[in-house]
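S.K.: generate coordinates for the sequence data below:
(one chain, ligands or ions: 1)
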Amino acid sequence: MPAEIPIITVDGPSGTGKGTVCSYLAERLDWRLLDSGAIYRVLGHAALQEGISLADGERLAGLAGRLDLDFRQSNGGIRAILAGVDVTDAIRTEAAGAAASQVAALPEVRAALLAIQRAFCRPPGLIADGRDMGTVVFPAARLKLYLTASPEERARRRYNQLKQKGIGVNLPDLSTDIRQRDARDEGRAISPSRPAPDAIVIDTTNLDAGEVCNRVVSLVQSTFHKLPLKN
Ligand code: DC
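M.R.: Numbers count the residues shown, from 1 in each chain. Modelled structure (predicted):
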């Protein structure tokens, strides 16, 4: 029997520190990283560009099936390349995020993206970042984490991130967007964002990034014994 490829799933809404924890773990374990939200964002972005309705499941699933998407490691992190064009920054806009959340609610789209996501699982191991990594995409993962934080704290983190990038936004608008997106992601009929029954839930509201990473590393060490961690 082929050896099991170890998987750690990290689910939860945006602004909970998932991205930071996942990059940190992928670096220390030297495992592959799947940012499934980036795939939904690329699809939302491509649909807007091609003028495809964000409610047309059939056409969007077709688009998902022919996405010419590549993730490349660069000095500044992972870049998303769509049909040869670097879309890393374009998919991080609020518009692309909202489009991602809309297309993500369609069963045809989720089915079409399943195989693309599972193909990321290769040796030596995978860190999978998303909403349904532990419930649907990798239900057999050995370690499942679900990060939460209060909506106010998540809006504040996002506000600071955008401010650092020189993007002007107002906090009340951002809070409203976050609440709307949460309601859609948690309330949808298919693969709603929720912890798997065997997930460990970590509330990061009052923790800084270092504290969350330390907590997660302890869980990794107690789950996968003798796993080498880089410094
Ligand atoms: O994590 P993110 O903000 O980049 O995700 C963008 C959107 O994609 C988010 O609104 C929810 C959706 N998504 C999803 O439905 N399932 C995933 N596994 C990842 C993201």
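S.K.: check contacts around D198.
M.R.: 134, 144 (C-beta atoms under 8 Å, 6 or more residues apart in numbering). Where you see a C-beta, it was placed from the backbone N, CA and C, and this is true even at glycine.
S.K.: got the contact list for the longest helix seen in the chain?
M.R.: Taking DSSP state H as the criterion, the chain has its longest helix at helix 171-187. Applying C-beta under 8 Å, 6+ apart, the contact partners of helix 171-187 are 13-15, 94, 97-98, 101-102, 104-105, 131, 151-152, 154-156, 158-159, 162, 192-194.
S.K.: which SS class is D70?
M.R.: strand (DSSP: H, G, I helix; E, B strand; the rest coil).
S.K.: any idea how far the ligand is from it?
M.R.: 18 Å (C-beta to the nearest ligand atom, to the nearest Å).
S.K.: now that residue, nearest residue through space, not along the chain?
M.R.: I81 (4.5 Å; C-beta to C-beta, 6 or more residues apart in numbering).
S.K.: shouldn't the one you found be within a helix?
M.R.: No - secondary structure of I81 (three-state DSSP): strand, not part of a helix.
S.K.: tell me if the longest helix of the chain is near the ligand.
M.R.: Yes - using C-beta under 6 Å from any ligand atom, helix 171-187 reaches the ligand at 181, 185.
S.K.: helix or strand next in line after that helix, which one?
M.R.: Note on helix 171-187: by DSSP states H and E, the next helix or strand toward the C-terminus is strand 200-203.
S.K.: so what does that next one touch, helix or strand wise?
M.R.: Applying 3 or more C-beta pairs under 8 Å, 6 or more residues apart in numbering; DSSP states H and E, we find strand 200-203 packed against strand 143-148, helix 209-223.
S.K.: deepest of these, which one?
M.R.: strand 143-148 (a mean of 24; mean count of other C-beta atoms under 10 Å).
S.K.: tell me the helix or strand right after that strand.
M.R.: Assigned by DSSP H and E, the successor of strand 143-148 is helix 151-164.
S.K.: how about that following helix: buried residues?
M.R.: 153-159, 162 (16 or more other C-beta atoms under 10 Å).
S.K.: same for it, what does it pack against?
M.R.: By 3+ C-beta pairs under 8 Å, 6+ apart, helix 151-164 packs against helix 171-187.
S.K.: export the helix it packs on to PDB, keeping only CA atoms.
M.R.: Taking only C-alpha atoms (Å, rounded to 0.1, in the frame of the first residue of the first chain), the coordinates of helix 171-187 have been written out as PDB:
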ATOM      1  CA  LEU A 171     -13.800  50.400   8.400                       C
ATOM      2  CA  PRO A 172     -17.600  50.400   8.600                       C
ATOM      3  CA  ASP A 173     -17.800  49.400   4.800                       C
ATOM      4  CA  LEU A 174     -15.200  46.700   5.400                       C
ATOM      5  CA  SER A 175     -17.200  45.300   8.400                       C
ATOM      6  CA  THR A 176     -20.400  45.200   6.300                       C
ATOM      7  CA  ASP A 177     -18.600  43.400   3.500                       C
ATOM      8  CA  ILE A 178     -17.100  40.900   5.900                       C
ATOM      9  CA  ARG A 179     -20.500  40.100   7.500                       C
ATOM     10  CA  GLN A 180     -22.100  39.700   4.100                       C
ATOM     11  CA  ARG A 181     -19.400  37.400   2.900                       C
ATOM     12  CA  ASP A 182     -19.600  35.300   6.100                       C
ATOM     13  CA  ALA A 183     -23.300  35.000   5.800                       C
ATOM     14  CA  ARG A 184     -23.000  33.700   2.200                       C
ATOM     15  CA  ASP A 185     -20.000  31.400   3.000                       C
ATOM     16  CA  GLU A 186     -21.600  29.900   6.100                       C
ATOM     17  CA  GLY A 187     -25.200  29.900   4.900                       C
END
